[in-house]
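Peer 1: everything below, folded, please.
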Amino acid sequence: SIKNRNNDEQHTSSPDYRAGDPCSPSRSLKRYSQVVVVRPAYIVAFSVAVLISASYVLLRENHSGSINGGATAPGDKFSHTRPANTLADPAATNCPAAGEAYPVENVLWEKAAASNAARAAGVWDVVFYGDSITEDWSGTRFAQRSARYWDTRDVFNKVFNKDVGGKYSGTALGIAGDTVSNLLWRLRNGELPEGERAISSRVWWILIGTNDFTYSGCNAAEVTAGIIAVAEEVGRKKNGIIVINKILPRGDLSGDSPKDTALYAEIKKVNRNLDALAKSLGKRIGRKVYIFDVPSFFMSAGKINVMNMPDYLHPSTKGHLLWAREIVKFLDKITKKPS
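Peer 2: Have a look, this model is predicted:
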């Protein structure tokens, strides 16, 4: 069945991490009003043209540089048929069952999924799967250039493009706002191809789950099960090492936002669960499975380090660079590649 998305990924810098994105492309553009006295026709025509142009620029910016996802911070408004519960009532979950897969009914998402499927081919050292935090590596939002994250694309290329001196070859396949169910659908519909356009990799890197709390009302156990289902999907179809990146911290953790504090507590539960399950998961799917810890530089004195994660959700360009360096060290270790 096809589900709809309510919000891209939710911005958590405000006390209510479920708040909608003020920059969302579905948000009505600000209405401009003006009193028109008697003016020559050409002035009126010119004014209309300016307004149309301004609206177009704003919309393009919302579809590229201002939408934050992968988390989104703030998210593009997508309609999700599963209403999210609050963490105050984790029993009232509307979370999809582990292994349930569905796309998103939105033309931007569909185009992004098609773009990912078209790029999911070839032989790589590492393939990254995830939400907006992974899509940031591509410098895009929904496969459209993002002014905000284009420099992050340059960071990725310098580290994961051998043609320009990178140590490893890599490709990033993420879509803003995706949940584990959305990623599973992508893996089953073009992002793990076989045959002439097969994709293969020494390492499959997975970072997903933060949106399942806000979009699907999942609790820690359910998010854990969803992440495991993604790893199993990759492991059943492909050889290679699987790395599960722990969910990154998010939200206002100063103590001023109980909801953000509660959300982060659930995230930490998921990360502890992953540590406990990695060994048994590897045995079950016959693959080496590693868990990548959240680098310490995303936090400072128990709160988000805003230099490296300015919107409390997505790494900055500097944050991505620091993270990429840690990923390379980890790859060196698990692939036994000399430094």
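Peer 1: which pLDDT value belongs to Tyr215?
Peer 2: Looking at Tyr215, its pLDDT stands at 88.
Peer 1: surely it meets Gly177?
Peer 2: Yes - counting by CB atoms under 8 Å, Tyr215 sits close enough to Gly177 to count as a contact (7.4 Å). In this view, the C-beta of every residue, glycine as well, is placed from N, C-alpha and C.
Peer 1: these two: who's more crowded?
Peer 2: Between Tyr215 and Gly177, counted using other CB atoms under 10 Å, Gly177 has the larger neighbour count: 36 against 29.
Peer 1: the more buried one and Leu313, how far apart?
Peer 2: The span separating Gly177 from Leu313 equals 12 Å under the rule CB to CB, to the nearest Å.
Peer 1: residue contacts, Ile241?
Peer 2: With CB atoms under 8 Å, 6 or more residues apart in numbering as the criterion, the residues that contact Ile241 are Arg202, Val203, Trp204, Arg287, Lys288, Val289, Tyr290, Ile334, Thr335.
Peer 1: distance of the fifth one relative to Gln144?
Peer 2: Put plainly, it is Lys288. As it turns out, when the distance is counted by CB to CB, Lys288 lies 36 Å from Gln144.
Peer 1: could you do the second one as well?
Peer 2: Relative to Gln144, Val203 is positioned 28 Å away (CB to CB).
Peer 1: the two: which has the busier surroundings?
Peer 2: Set Val203 next to Gln144 and count neighbours by other CB under 10 Å: Val203 wins out with 22 against 16.
Peer 1: helix, strand, or coil at the more buried one?
Peer 2: Counting by DSSP: H, G, I helix; E, B strand; the rest coil, the backbone at Val203 sits in strand.
Peer 1: which strand or helix spans Thr171?
Peer 2: Per DSSP states H and E: Thr171 is located in strand 170-174.
Peer 1: for that strand, name the packing helices and strands.
Peer 2: In this structure, strand 170-174 makes packing contacts with helix 107-119, strand 122-130, helix 132-135, helix 150-160, judged by 3 or more CB pairs under 8 Å, 6 or more residues apart in numbering; DSSP states H and E.
Peer 1: partners of that strand, with directions?
Peer 2: Next to strand 170-174 in the sheet, as set by DSSP bridges, lie strand 122-130 (parallel).
Peer 1: pretty sure Tyr102 sits against Leu183.
Peer 2: No - at 10.7 Å, Tyr102 and Leu183 do not qualify as touching, with contact defined as CB under 8 Å.
Peer 1: ok, those two, which is more surrounded?
Peer 2: In terms of neighbours (other CB under 10 Å), Leu183 is the more surrounded of Tyr102 and Leu183; the figures are 29 against 17.
Peer 1: contacting residues for the more buried one?
Peer 2: Residues counted as contacts of Leu183 (CB under 8 Å, 6+ apart) are Tyr129, Gly130, Asp131, Ile208, Val230.
Peer 1: just say helix, strand or coil for it.
Peer 2: Look at Leu183: counting by three-state DSSP, its state is helix.
Peer 1: can you check the pLDDT for it?
Peer 2: According to the prediction, Leu183 has pLDDT 98.
Peer 1: go on, Thr12?
Peer 2: As summarised for this prediction, Thr12 has a pLDDT of 42.
Peer 1: cool, Lys336 as well?
Peer 2: In this prediction, Lys336 carries a pLDDT score of 86.
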